[in-house]
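[1] Structural data only, the sequence is not supplied:
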């Protein structure tokens, strides 16, 4: 975006903000609906000339951060976050679910600007504390958000542009907070929102494994060998350390994990590629990279893993075989490697999904059905069967199930 275009956009934002401050909802046609809604919340709570964000208790903020899985995840990817901030002269911030900042890092210029308005750990950046901003919007909407220049309610950040994206626990879907990147308005770039999304996903993939599996009484992070999460989110850990693999390598490793007896080159090629025109030398190259990542613990002739292997697929199927439907649904994070074009993995994905669904139809435990409906919101039959089984019996899950059913039928 050229400087002239940016200046015009900034003038439009200032004009809309001035109209709102002077004449209220006459600005409705000048800004996005979510900005106007936030401006109204802000106006009812704070003056437009607020000079800084209020600070939460320092000791309480530090205690929350030190005990948070977010702290572990941010520490693991801190080099990438710092490099992003320094390369773009940005300030990066991570918040809790109440939009209280827990961690920040800034480039030389933005660090000073951030400190001047309490964009620091402990700073409360919900819009009722400091006015409209991207952190609050991303948190409230549970979606990536951008706020440019005078779209901010408080004039202290009219010179800023901010992009933010929510961060979720990959296992439970719980919103843990948001990550925000901010800089001066004249450095606005179309890639800003995409960068915030990428950083959010980076933090999510670095979440400690023990946190993700705590509800299953399974502590894979301390177990020797290979641990793979394939349902909903693809993650691989070796002896407690996360491996960074590309999509194809994850697929190959998943197939080897499902075939502990080993696979010939030709058989593995058929399972991975089906009838695609891909040479065996391409597969050999991927296997070579995998062998290096696994410290050599992958044999050839046949290809076979030389270590203990744990997968969430095996866990779900084992729980179903034992009749533990609710626990199986807890462990089921969603479809197996969505988007894979491996015929073998597509077949396995369908098998697992149908197995979970049929188990719930046979034993529709309300809490398990609520959890499942979050993963498969349009599978109304399971919800209907559960409600029919409950009848008129009072159960706290009933309103949630009826709400899910109504939403799916719109």
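    Good, I have the coordinates. Being a predicted model, the structure only gives us computed values, none of them experimental.
[2] residue boundaries of the strands in the stretch 101-250 of the chain?
    Applying DSSP state E, counting those that start in this stretch to the stretch 101-250 of the chain gives strands spanning 101-106, 145-148, 160-168, 175-184, 226-229, 235-238, 241-243.
[3] any chance of those in CSV, plus mean pLDDT?
    Shown next, in CSV, are the strands of the stretch 101-250 of the chain (pLDDT from 0 to 100):
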stretch, mean pLDDT
strand 101-106, 95
strand 145-148, 96
strand 160-168, 94
strand 175-184, 95
strand 226-229, 91
strand 235-238, 90
strand 241-243, 87
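[4] from those, which stretch is densest packed?
    Most buried of the strands of the stretch 101-250 of the chain, by mean neighbour count (mean count of other CB atoms under 10 Å): strand 160-168, with a mean of 26. (Each C-beta comes from the backbone N, C-alpha and C, glycine too.)
[5] tell me which strands and helices it is in contact with?
    Contact here means 3 or more CB pairs under 8 Å, 6 or more residues apart in numbering; DSSP states H and E; on that basis strand 160-168 packs against helix 134-141, strand 145-148, strand 175-184, helix 192-205.
[6] Same list (those) but as JSON lines, adding distance to residue 57.
    As requested, the helices and strands packed on strand 160-168 are exported to JSON lines (distance: least, CB to CB, whole Å):
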{"stretch": "helix 134-141", "distance to residue 57": "19"}
{"stretch": "strand 145-148", "distance to residue 57": "27"}
{"stretch": "strand 175-184", "distance to residue 57": "17"}
{"stretch": "helix 192-205", "distance to residue 57": "24"}
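[7] Compare the ones you listed and give me the one nearest residue 382.
    Closest to residue 382 of the helices and strands packed on strand 160-168 is strand 175-184 (CB to CB; 24.4 Å).
[8] Partner strands of that closest one, with direction?
    strand 91-95 (antiparallel), strand 160-168 (antiparallel) (DSSP bridges).
[9] Make CSV from the ones you listed and add distance to residue 252 to it.
    Formatted as CSV, the strands paired with strand 175-184 follow (distance: least, CB to CB, whole Å):
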stretch, distance to residue 252
strand 91-95, 34
strand 160-168, 27
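[10] re the thing from before, how about the strands of the stretch 101-250 of the chain in CSV, adding distance to residue 400?
    What follows is these, written out as CSV (distance: least, CB to CB, whole Å):
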stretch, distance to residue 400
strand 101-106, 30
strand 145-148, 27
strand 160-168, 19
strand 175-184, 17
strand 226-229, 26
strand 235-238, 28
strand 241-243, 34
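[11] Residue 122 is nearest to which of the ones you listed?
    That would be, of these and by CB to CB, strand 101-106, which comes in at 6.6 Å.
[12] got the angle for the closest one vs strand 175-184?
    Orientation note: strand 101-106 sits at an angle of 30 degrees relative to strand 175-184 (axes from the mean of the first three to the mean of the last three CA atoms, to 10 degrees).
[13] Against which helices or strands is strand 101-106 packed?
    Using 3+ CB pairs under 8 Å, 6+ apart, strand 101-106 is in contact with helix 58-66, helix 69-76, helix 78-88, strand 91-95.
[14] and if we set it to 10 Å?
    Other elements packing on strand 101-106 under the criterion 3 or more CB pairs under 10 Å, 6 or more residues apart in numbering; DSSP states H and E are helix 58-66, helix 69-76, helix 78-88, strand 91-95, helix 108-116, strand 175-184.
[15] now, of the ones you listed, which is deepest in the fold?
    Using mean count of other CB under 10 Å, strand 91-95 ranks as the most buried of the helices and strands packed on strand 101-106, with a mean of 27.
[16] Measure how far it is from the centre of its chain, please.
    Centroid displacement of strand 91-95 relative to its chain, using CA atoms, centre = their mean, to the nearest Å, is 15 Å.
[17] Mean confidence (pLDDT) on that strand, please.
    In this model, strand 91-95 has a mean pLDDT of 97.
[18] on that earlier part again, so which of the helices and strands packed on strand 160-168 gets nearest residue 94?
    Closest among the helices and strands packed on strand 160-168, using CB to CB: strand 175-184, at 5.3 Å.
[19] Domain parsing of the protein, as residue ranges.
    Following automatic domain parsing, one finds the domains of the chain at 3-207, 214-310, 312-408.
[20] thinking again about what came up before, and residue 398, which of the helices and strands packed on strand 160-168 is closest to it?
    Closest among those, using CB to CB: strand 175-184, at 24.1 Å.
[21] For the strand or helix carrying residue 357, name the packing helices and strands.
    Using DSSP states H and E, residue 357 sits within helix 343-362. When contacts are defined as 3+ CB pairs under 10 Å, 6+ apart, helix 343-362 packs onto helix 247-258, helix 265-273, helix 312-321, helix 325-331, helix 366-375, helix 380-390.
[22] Helix 265-273 and that helix, what's the angle between them?
    Using the same axes, to 10 degrees: helix 343-362 against helix 265-273 is 60 degrees.
[23] how about helix 343-362: buried residues?
    By 16 or more other CB atoms under 10 Å, the buried positions in helix 343-362 come out as 344, 345, 346, 348, 349, 352, 353, 355, 356, 357, 359, 360.
[24] What is the nearest of the residues you listed to residue 87?
    residue 345 (36.6 Å).
[25] List the contacts of that closest one.
    230, 250, 251, 254, 255, 258, 271, 272, 313, 336, 337 (CB atoms under 10 Å, 6 or more residues apart in numbering).
[26] Tell me which two of those sit farthest apart.
    272 and 313 (16.7 Å).
[27] returning to that earlier point: with mean pLDDT, distance to residue 180 and mean neighbour count added, can I get the helices and strands packed on helix 343-362 in CSV?
    Listed next are the helices and strands packed on helix 343-362 as CSV, based on pLDDT from 0 to 100; distance: least, CB to CB, whole Å; neighbours: other CB atoms under 10 Å:
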stretch, mean pLDDT, distance to residue 180, mean neighbour count
helix 247-258, 93, 28, 21
helix 265-273, 93, 39, 18
helix 312-321, 89, 31, 19
helix 325-331, 89, 31, 21
helix 366-375, 89, 26, 20
helix 380-390, 91, 36, 16
